[in-house]
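Engineer: okay, here's the prediction I keep looking at, along with the sequence it came from:
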Amino acid sequence: MRIILIGPPGAGKGTQCQRLVEFLKVPHLSTGEMLRAEVRSRTPAGVEAANFMEQGQLVPDPIIVGMVSRRLQAPDCRSGCLLDGFPRTLPQAETLDDLLERRAMTVDGVIELAVPRDELVRRMLARRREDDDPEIFSKRITSFEVQTAPLLDYYLRQGKLASIDGLGTAEEIFDRVKIAVRRFERTARS
Ligand code: AP5
Ligand code: MG
């Protein structure tokens, strides 16, 4: 299974992926986590990415696409993966389609975690991650609404989208996620 999780900052993509890793036995590819590792290691890509992340802006595609493309080629991704935070724009979605097509692979399904803005802010304030700052967080939400939300229609038109209410306990949401995954599995088999 190759599944994309889409949702605004704080929607619970990472939280649900932790559970899905156990459930599906496939690796979790979070572009945000990959970038934070590059920033901490002060690699050239990390130094460049930090300028954008600190402003709540998307990191340029050459950095992101290079990172994801290398990761997708690793042997552990052969049987599937969870894509968390990528793609985030229509051009990234088209690039992903190209990358997968070259390997005779496809996206099996896309899960949207829908959470209202006030709850996102509440979760961010309770979390305190290194890149969480209330003003920047608000910019990240706007970036999601403007640049990433159009992707939902892209995948809806392909019949691949499962939109899930992201309010409730993490376990309640995971029950909804599993129902979506079973639907993707049935479609992949048919
Ligand atoms: P990224 O790391 O992907 O951040 P994000 O999309 O802003 O999402 P978060 O990781 O903040 O939230 P999440 O949905 O994973 O929620 P979580 O499970 O942590 O990206 C960071 C930056 O990197 C971007 O801003 C951009 O600059 C750059 N970047 C990344 N990918 C890129 C790309 N493709 N192109 C360009 N730039 C890119 O949950 C949040 C909190 O809520 C946690 O504390 C959790 O414990 C809690 N929580 C989870 N579920 C629940 C629940 N049900 N109830 C209560 N609390 C909950
Ligand atoms: Mg995350």
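Structural biologist: On my side now, so go ahead. Numbering: from 1, shown residues only. Ligands and ions are numbered 1, 2, ... in the order given.

Engineer: so which bits of stretch 166-184 are buried?
Structural biologist: Buried residues in stretch 166-184, counted by 16 or more other CB atoms under 10 Å: 166, 173-174, 176-177, 180-181, 184. (C-beta placed from N, C-alpha, C; glycine too.)

Engineer: likewise stretch 101-117?
Structural biologist: Neighbour-count burial for stretch 101-117 [16+ other CB under 10 Å]: 105, 107-113, 115.

Engineer: of the residues you listed, which is the nearest to ligand 1?
Structural biologist: L113 (6.8 Å; CB to the nearest ligand atom).

Engineer: in a strand, that's where that closest one is, yeah?
Structural biologist: Yes. Assessed with DSSP: H, G, I helix; E, B strand; the rest coil, L113 lies in a strand.

Engineer: need the three-state assignment for the closest residue to ligand 1 within the chain.
Structural biologist: Relative to ligand 1, the nearest point of the chain is G32 (1.7 Å; CB to the nearest ligand atom). Secondary structure state of G32, per three-state DSSP, is helix.

Engineer: that one and G85 touch, don't they?
Structural biologist: Yes. The pair G32 / G85 is scored as a contact, 4.7 Å apart, by CB atoms under 8 Å.

Engineer: which one of those two is surrounded by more residues?
Structural biologist: G85 (23 against 18; other CB atoms under 10 Å).

Engineer: who touches the more buried one in this structure?
Structural biologist: G85 sits next to 5, 13, 30-32 when contact means CB atoms under 8 Å, 6 or more residues apart in numbering.

Engineer: in this structure, which spans are strands?
Structural biologist: According to DSSP state E, the chain carries its strands in the segments 2-6, 28-30, 81-84, 109-114, 161-165.

Engineer: for those, give me TSV that also has distance to A45 and mean pLDDT.
Structural biologist: Shown next, in TSV, are the strands of the chain (distance: least, CB to CB, whole Å; pLDDT from 0 to 100):
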stretch	distance to A45	mean pLDDT
strand 2-6	22	98
strand 28-30	16	98
strand 81-84	19	98
strand 109-114	26	98
strand 161-165	31	98
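
Engineer: adding distance to ligand 1, write these out as JSON lines.
Structural biologist: Converted to JSON lines, the strands of the chain look like this (distance: least, CB to the nearest ligand atom, whole Å):
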{"stretch": "strand 2-6", "distance to ligand 1": "8"}
{"stretch": "strand 28-30", "distance to ligand 1": "6"}
{"stretch": "strand 81-84", "distance to ligand 1": "6"}
{"stretch": "strand 109-114", "distance to ligand 1": "7"}
{"stretch": "strand 161-165", "distance to ligand 1": "10"}
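
Engineer: which one of those lies closest to E130?
Structural biologist: Among the strands of the chain, the nearest to E130 by CB to CB is strand 28-30 (14.4 Å).

Engineer: so which elements touch the closest one?
Structural biologist: helix 13-24, helix 61-72, strand 81-84 (3 or more CB pairs under 8 Å, 6 or more residues apart in numbering; DSSP states H and E).

Engineer: most tightly packed of the ones you listed?
Structural biologist: Ranked by mean neighbour count, these are led by strand 81-84 with a mean of 23 (mean count of other CB atoms under 10 Å).
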